[in-house]
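*Asks:* fold the following, please.
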Amino acid sequence: MSTTARRKVGIAGAIVGAASAGVAAAALAKRYAVGRIRLRPDLEMSEPLGELRGRQATVTTSDGVSLYAEVDGPEDAPLTVVLCHGYTLNLDSWHYQRRDLRDSYRLVLWDQRSHGRSPRTATEDSVIDRLGDDLAEVIEALVPGPCVVVGHSMGGMTIMALADRRPELFGERIRGVALISTSAGKLAEISLGLPALLSKAVHKVTPGTVSILSRGGALVDKGRQAGNDVAFLILRHLGFGDPKNVSPTVVDFAESMIRSTPFEVIADFYPALMSHDKLSALGVLDDVPTSIIVGDKDWLTPVEHSRAMAAALPRAQLTEVPGTSHLIQLERPTVVNDALRDLLKRATTEATGSATEPAEPSERLAEGPVEGSAAEPSAGPVEGPAEQ
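*Replies:* Reported below is the predicted structural model:
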């Protein structure tokens, strides 16, 4: 080998070595950073996240899918609360709501098709309207009397699909609705916190990228399993509005739910989320007490989407939570639970036939973080008039 050739090989080897060392150093730095975060005092470390269980049930849908569900709380409660989880999550995402409401209300929690303990479904059935039909069948099978339906993210869209397809259920059967960190449509237009041109480019390439990656779903899932530290850091900053103070235990819990959702399922439902449009169905919800809850740092279903829903539902109560992102039921459970209790009181009064004053539309601003949340304690919710 000539001197020149040896020099080129040496340079190439040095570049590869430096690159490898850089990758290794970056990985070690991430691991070190995550390790330091997890060593901080964590009030949620002893919380039995994902361990609360109820009476197991199976709901077989009209297309033959056996949906997994759990029933919790007293059977003689005047109202049943049906909790519909979001995209890539499962029924355990309602941990704090189950923990705090199960003594007073009958709860039905279910895993949406292809999520959690419910089996995979065909790609063509991974659509929001089908989820609305599933919810109707869950109510028919597991709810003997009046109920309140609560949905987070895709779960809120599920409720809107039910309103669109089965409007007669709202009023007599469904006495109240909570829409948490969700949207009535136009998700393909959100900025994701990026500059306009970059956001447009991301939206343009994402569907094709997701589709291509889904063909190698098993390989992608292996990569996701290996990249836990990276996923932890990403979710900590994007899923929570106060990443410095959010509990590492809560972040790990949320990340484990997302990681357990196969990438093929993520790819199957992505087009349905982007094409979701149920603004015209919201009018059905104006006949029942409705609560809309959102964090003002939500990048996935921005606060403007909740304000648009509130504008379409003049009797609804809008709760905006400062410094909070998309996983609001985990990040600010006290605020969410207070808003749900308020909704349930109104719905219970209607269900039992007692006379009551109709709730005035209002906007609640929660000063966060709040006591009992996944972040540091601070002040509680403050009510104010709604801006229409």
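*Asks:* CA atoms for contacts and neighbours, from now on please.
*Replies:* OK.
*Asks:* so where do the helices sit in this structure?
*Replies:* Ranges of helices within the chain are 3-38, 95-101, 128-142, 154-165, 196-214, 217-226, 228-238, 248-259, 263-275, 303-312, 328-331, 333-352, based on DSSP state H.
*Asks:* how far away is Pro41 from Pro248?
*Replies:* Distance from Pro41 to Pro248, counting by CA to CA, to the nearest Å: 9 Å.
*Asks:* what's the overlap in contacts for those two?
*Replies:* Taking CA atoms under 8 Å, 6 or more residues apart in numbering as the contact criterion, no residue touches both Pro41 and Pro248.
*Asks:* those two: which has the busier surroundings?
*Replies:* Higher neighbour count among Pro41 and Pro248: Pro248, with 26 against 10, using other CA atoms under 10 Å.
*Asks:* okay, that one: pLDDT?
*Replies:* Listed pLDDT for Pro248 reads 92.
*Asks:* same check, this time on Pro333
*Replies:* Confidence score, pLDDT, at Pro333: 98.
*Asks:* kindly report the same for Gly193.
*Replies:* 49.
*Asks:* same deal with the one 10 residues further on?
*Replies:* At His203 the predicted local confidence, pLDDT, stands at 44.
*Asks:* ok, Ile234 next?
*Replies:* Value listed for Ile234 in the pLDDT field: 87.
*Asks:* buried ones in stretch 67-85?
*Replies:* 67-73, 78-85 (16 or more other CA atoms under 10 Å).
*Asks:* okay, Asp111 and Pro243: tell me how far apart.
*Replies:* 28 Å.
*Asks:* weakest of the helices of the chain in terms of mean pLDDT?
*Replies:* helix 3-38 (a mean of 43).
*Asks:* quick one on the thing from earlier: min pLDDT across the buried residues of stretch 67-85, which one?
*Replies:* Pro78 (89).
*Asks:* surely that residue meets Ala347?
*Replies:* No: Pro78 lies out of contact with Ala347 (CA atoms under 8 Å); the separation is 9.8 Å.
*Asks:* ok, Asp338 to Glu255 distance?
*Replies:* Applying CA to CA to Asp338 and Glu255 gives a distance of 25 Å.
*Asks:* out of these two, which sits in the busier spot?
*Replies:* More crowded of Asp338 and Glu255, by other CA under 10 Å: Glu255, with 21 against 15.
*Asks:* OK, contacts around the more buried one?
*Replies:* Contacts of Glu255 (CA under 8 Å, 6+ apart): 231-232, 235.
*Asks:* 10 Å - rerun?
*Replies:* Going by CA atoms under 10 Å, 6 or more residues apart in numbering, Glu255 touches 88-89, 228, 231-236, 239, 249.
*Asks:* would you turn these into TSV with neighbour count?
*Replies:* Shown next, in TSV, are the contacts of Glu255 (neighbours: other CA atoms under 10 Å):
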residue	neighbour count
Thr88	22
Leu89	24
Asn228	17
Ala231	18
Phe232	19
Leu233	21
Ile234	15
Leu235	18
Arg236	23
Gly239	24
Thr249	18
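*Asks:* which single one of these is nearest to Ser325?
*Replies:* Gly239 (5.7 Å; CA to CA).
*Asks:* tell me the phi and psi of the closest one?
*Replies:* Main-chain dihedrals, Gly239, degrees, to the nearest 10: phi -90, psi -20.
*Asks:* so how far is Gly295 from it?
*Replies:* 11 Å.
*Asks:* what do these two both touch?
*Replies:* The contact lists of Gly239 and Gly295 share 324-328, 331, where a contact means CA under 10 Å, 6+ apart.
*Asks:* now Val303: closest residue in space, sequence neighbours ignored.
*Replies:* Asp296 (5.4 Å; CA to CA, 6 or more residues apart in numbering).
*Asks:* wait, isn't the one you found in contact with Thr324?
*Replies:* Yes: between Asp296 and Thr324 there is a contact under CA atoms under 10 Å: 5.9 Å.
*Asks:* any shared contact partners between the two?
*Replies:* The contact lists of Asp296 and Thr324 share Gly241, where a contact means CA under 10 Å, 6+ apart.
*Asks:* mind listing the strands for the stretch 51-200 of the chain?
*Replies:* 55-60, 66-72, 80-84, 106-110, 147-152, 174-180 (DSSP state E, counting those that start in this stretch).
*Asks:* can you lay out the ones you listed as a markdown table showing distance to Pro289?
*Replies:* Shown next, in a markdown table, are the strands of the stretch 51-200 of the chain (distance: least, CA to CA, whole Å):
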| stretch | distance to Pro289 |
| --- | --- |
| strand 55-60 | 27 |
| strand 66-72 | 23 |
| strand 80-84 | 14 |
| strand 106-110 | 18 |
| strand 147-152 | 9 |
| strand 174-180 | 5 |
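*Asks:* so which of those strands is nearest Ala161?
*Replies:* strand 147-152 (11.5 Å).
*Asks:* what about the closest one, distance to the chain center?
*Replies:* From the chain centre to the centre of strand 147-152 is a distance of 13 Å (CA atoms, centre = their mean, to the nearest Å).
*Asks:* other SSEs contacting it?
*Replies:* strand 80-84, strand 106-110, helix 128-142, helix 154-165, strand 174-180, strand 290-295, helix 333-352 (3 or more CA pairs under 10 Å, 6 or more residues apart in numbering; DSSP states H and E).
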